[in-house]
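Chemist: Please find the sequence and the predicted model below.
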Amino acid sequence: KKINDIILKANKIMLTTHENPDGDGLGSECGIYYHLIEMGKDVKILNYSDLPNQYQFLNTDNIFETFNINKHEEWMMDIDLLIVFDVGDFSRTRTVADFVTKNKIEVLNIDHHPHPENHNFSYNCVDLKAAATGCMVYDYLKINRVKPINKKSLEGIYTAVMTDTGSFKYSNTS
């Protein structure tokens with residue numbers, strides 16, 4: 001509910017994950033991206049690193065962009081919220097963190113990893129027992145959606161969970 005309240009207040013939202021992104025970070029971004037679009041939010045996924053080839057199947061709508069200050073600065077100047085996924089340490093977003101910190105943009109962290117006590121997150125949603133950040137995104141959508149979760153969001157969530165659980169083999173997989 002608290003995450004939903006934070007999201008409801010924001011109109012322009014940026015999503016990001018750590019450098020050299022993996023399936024959990026990318027799938028989590030994808031999972032929530034389509035939900036935010038349905039809510040009428042102005043949203044972009046801007047990552048420090050390029051989208052790895054093995055995850056191109058998530059990008060059928062060209063939703064993933066590589067952060068470039070010259071290209072994105074104007075759009076970013078009035079964002080209300082950055083949601084960062086699967087990042088134990090905010091500095092792992094590199095130049096994205098620099099821009100967000102410099103411009104005092106609110107940051108919502110959604111993660112299943114421990115993080116440093118001294119962090120730059122305005123809001124911190126961490127569940128160390130979650131098998132993947134994608135599990136947390138799924139729980140959020142399950143609780144806060146009236147309509148069923150759309151297929152593209154579910155493909156992202158499945159990618160997140162499948163890749164972070166070793167194809168559902170790790171002991172923390174439920």
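Modeler: That came through fine.
Chemist: Please enumerate the strands of this structure.
Modeler: Ranges of strands in the chain, per DSSP state E, are 12-17, 42-47, 64-66, 81-85, 107-111, 123-126.
Chemist: what's the least confident stretch among the ones you listed?
Modeler: Per-stretch mean pLDDT for the strands of the chain is lowest at strand 123-126 (a mean of 93).
Chemist: That one pairs with which strands, and in what direction?
Modeler: According to DSSP bridges, strand 123-126 forms sheet pairs with strand 107-111 (parallel).
Chemist: any idea of the angle the longest helix that the chain contains forms with strand 107-111?
Modeler: For the chain, the longest helix by residue count, based on DSSP state H, is helix 23-38. Taking axes from the mean of the first three to the mean of the last three Cα atoms, to 10 degrees, one finds helix 23-38 and strand 107-111 inclined to each other by 130 degrees.
Chemist: one step back: can you redo the strands of the chain as JSON lines, where the extra columns are distance to Gly156 and mean neighbour count?
Modeler: Using the backbone N, CA and C atoms, a C-beta is placed for each residue, glycine as well. Formatted as JSON lines, these follow (distance: least, Cβ to Cβ, whole Å; neighbours: other Cβ atoms under 10 Å):
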{"stretch": "strand 12-17", "distance to Gly156": "11", "mean neighbour count": "24"}
{"stretch": "strand 42-47", "distance to Gly156": "10", "mean neighbour count": "21"}
{"stretch": "strand 64-66", "distance to Gly156": "11", "mean neighbour count": "17"}
{"stretch": "strand 81-85", "distance to Gly156": "10", "mean neighbour count": "26"}
{"stretch": "strand 107-111", "distance to Gly156": "13", "mean neighbour count": "24"}
{"stretch": "strand 123-126", "distance to Gly156": "18", "mean neighbour count": "15"}
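Chemist: any chance of those in a markdown table, plus distance to Gln54?
Modeler: Output for the strands of the chain, formatted as a markdown table (distance: least, Cβ to Cβ, whole Å):
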| stretch | distance to Gln54 |
| --- | --- |
| strand 12-17 | 15 |
| strand 42-47 | 15 |
| strand 64-66 | 13 |
| strand 81-85 | 18 |
| strand 107-111 | 22 |
| strand 123-126 | 27 |
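Chemist: on that earlier part again, give me the distance from the longest helix of the chain to the chain's centre.
Modeler: Centroid separation for helix 23-38 versus its chain: 6 Å, with Cα atoms, centre = their mean, to the nearest Å.
Chemist: how about the helices in the protein?
Modeler: Under DSSP H, the chain gives helices at 2-9, 23-38, 69-76, 95-102, 133-144, 151-164.
Chemist: most packed of those helices?
Modeler: Ranked by mean neighbour count, those are led by helix 23-38 with a mean of 25 (mean count of other Cβ atoms under 10 Å).
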